[in-house]
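> Sequence plus the predicted model coming up.
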Amino acid sequence: MLPDKDGPNGGGGVQDGPGTEDPSVTLFREYLRLKTVHPEPDYGTSETLLPCPAVNRSAISVCPGRVVAIITWVGSRPELKSVVLNSHTDVVPVYEEHWKHDPFAAVKDEHGNIYGRGSQDMKCVTIQYIEAIRRLKAAGKRFSRTIHLTFVPDEEVGGHKGMETFVKHPEFQKLNIGFALDEGLANPTNAYTVFYGEKNPWWITVRCPGSPGHGSRFVENTAAEKLVSVFRMLNTNECFTLGDVTTVNMTMVKGGVAYNVVPAEMDVSFDLRIPPTVNLQEFEEKIKAWCKEAGEDVTYDFAQKHMDQNFTSTEESDPWWHAFSSTCKAMNMTLKKEIFPAATDSRFIREEGLPAIGFSPMNLTPILLHDHNEYLNEQVFLRGIQVYERLVPALASVPPLSGGE
Ligand SMILES: CSCC[C@H](NC(C)=O)C(=O)O
Ligand SMILES: [Zn+2]
Ligand SMILES: [Zn+2]
C-alpha cells in the first residue's frame, strides 16, 4: 500500500495547486517516502507500490525476507529474448542533520528540485520505467519482445540477498534475457553518461599480528609498523596502469586496547576498485607479496572479491547498442561512455554473460548519490520518462538476432 500522504506535497516545500503536479511526479514522491533504507529496509510496502496496469506480476523469494518483484509485459513474439529494466529498491542511510529537508518527505522546492534519499539512486528510474510502460500501454502499443521490470532488494549492501542470488535462481533463467538496463549516474553537463562495464570491488582486511609489550618500551616487530608498511605498498604507483586507475582507500582500522599496551594485532581494511582491464590474478599475487614483505604472519581476507571483466558491446554493429544509441541520437542526446567507478547489480547480470547498460537519464544534475541533500529536478525526471518512452520500444523491437535467439 502507498503510505498516507500529509497533503499533496508531503511536508514542506512548494504547494502545487490541486491536480497541477504530474501524477508520475506524485508517484515518485510517494515512493521516496517509503523507508527502504538500510540497515533495516521496509521492503513490505514497496512491493505493492507499483501500479503497472494489465501486466503480469510475480514475486520471487530469493532469501528469507528478500523478494524480487517482477512485472512482465509479454511481447507478440515471446520466444525472442527479453528486455529487462532493472532497478534496486533499497537506499543508503542518511545523516539527517545534514539535510535541508527531511530525506524521507520528498519535499519539492521552488525550483522543482525533489529532495529525498533515492531521488537519484535509483527510485527515479524505477518510477520512470513504470510510467513509460504505462504510457506505452495506454497508447495501445505492443512490441515483439517481452519486457520485464525487475525490482531487486539489497543492492546497496552488496547484492548477496538480492541480485547475486537471483541470477542463480531458475526463475531468472526463465526470463530469457537478451539485454538489460540498470542504473547509471547523473551528469552535471548536458550529456548523459552510459556505463558498459564496471570496476571490480575488492574489499580486503589485512591482519597484522605483532609483538605486544609496555607502551614505554622499544618494541620491535609491532602490528602498527606492519600496518603502515601494507598501507604504503598498496598506495604505490604499481596500482596504476595507463588509462585505467585502480583506486585504493583505507577505510577501517581496528586494534589496540589501551594507550600503554602495544597491541598484539591490528587489522586494516581497504576498498579497492579495479578496472576490468587489470589482470586480477597478477594483482592478487602482488597483494600476497606485499603482505609477506610487510612482516611475519601478515594475512588477508576478502569481504568482496568480484572477478567479472565482461564489457557490454558499444559497437554500432551490436543490435542492442545500436537500438539504444540511435534512439538517443534521434532525441539529440549526447552520450558519454564510461566504466562505472563503483559497483551495481549490473555486474551480476554481465557475469551471466548478458549485456547490460547502466543508464539513469539525469543530465544537468550534480552527482549526489549517497550524498547529503540528494535531489532530482522534476523536469529532468519527466524528461527521463520520455527518454524511456522511446528507448523501450526501440529495444523491445530489436529484430531477431542473427544466429538465432
Ligand atoms: C560492492 S557492493 C556495494 C555496492 C556499492 N554501489 C554503489 C553504486 O555505491 C559500491 O560500489 O560500494
Ligand atoms: Zn544504486
Ligand atoms: Zn547506491
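Structure received. If you're wondering where the values come from, they're calculated on a predicted model, not measured in any experiment. Ligands and ions are numbered 1, 2, ... in the order given.

> for Phe324, phi and psi?
Phe324 adopts backbone torsions of phi -70, psi -50, taken as degrees, to the nearest 10.

> What's the separation between it and ligand 2?
Distance, Phe324 to ligand 2, using C-beta to the ion, to the nearest Å: 20 Å. The C-beta positions use only the backbone N, C-alpha and C, and glycine is treated the same way.

> Single out the residue in this structure that lies closest to ligand 2.
Using C-beta to the ion, the closest approach of the chain to ligand 2 is made by Asp121 at 4.1 Å.

> How many neighbouring residues does that residue have?
Neighbours of Asp121 under the rule other C-beta atoms under 10 Å: 28.

> Tell me the secondary structure of the spatially closest residue to it that is not a sequence neighbour, please.
Excluding its sequence neighbours, the residue lying closest to Asp121 (C-beta to C-beta, 6 or more residues apart in numbering) is Leu369, at 3.8 Å. Using DSSP: H, G, I helix; E, B strand; the rest coil, the three-state assignment for Leu369 comes out as coil.

> and the residue minimising distance to the centre of the chain, what are its phi and psi?
The residue lying closest to the centre of the chain (C-alpha atoms, centre = their mean) is Thr344, at 3.5 Å. Main-chain dihedrals, Thr344, degrees, to the nearest 10: phi -130, psi 180.

> For it, give its distance to Trp203.
Going from Thr344 to Trp203 by C-beta to C-beta, to the nearest Å gives 16 Å.

> which residues touch the residue of the chain closest to ligand 2?
Val91, Val92, Glu183, Ser360, Leu369, His370, Glu374 (C-beta atoms under 8 Å, 6 or more residues apart in numbering).

> There's contact between the first one and Arg117 in this structure, I believe.
By that I understand Val91. Yes: with contacts counted by C-beta atoms under 8 Å, Val91 reaches Arg117, the gap being 4.7 Å.

> Contact partners for the residue nearest to Asp121?
By C-beta under 8 Å, 6+ apart, the neighbours of Leu369 are Gln120, Asp121, Leu185, Ala186.

> Any idea what Phe179 is bridged to?
With DSSP bridges applied, Phe179 shows beta-bridge pairing to Val83.

> what sits against it?
Here Phe179 is in contact with Lys81, Val83, Val84, Trp320, Leu354, Pro355, Ala356, Ile357, Leu395, Val398 (criterion: C-beta under 8 Å, 6+ apart).
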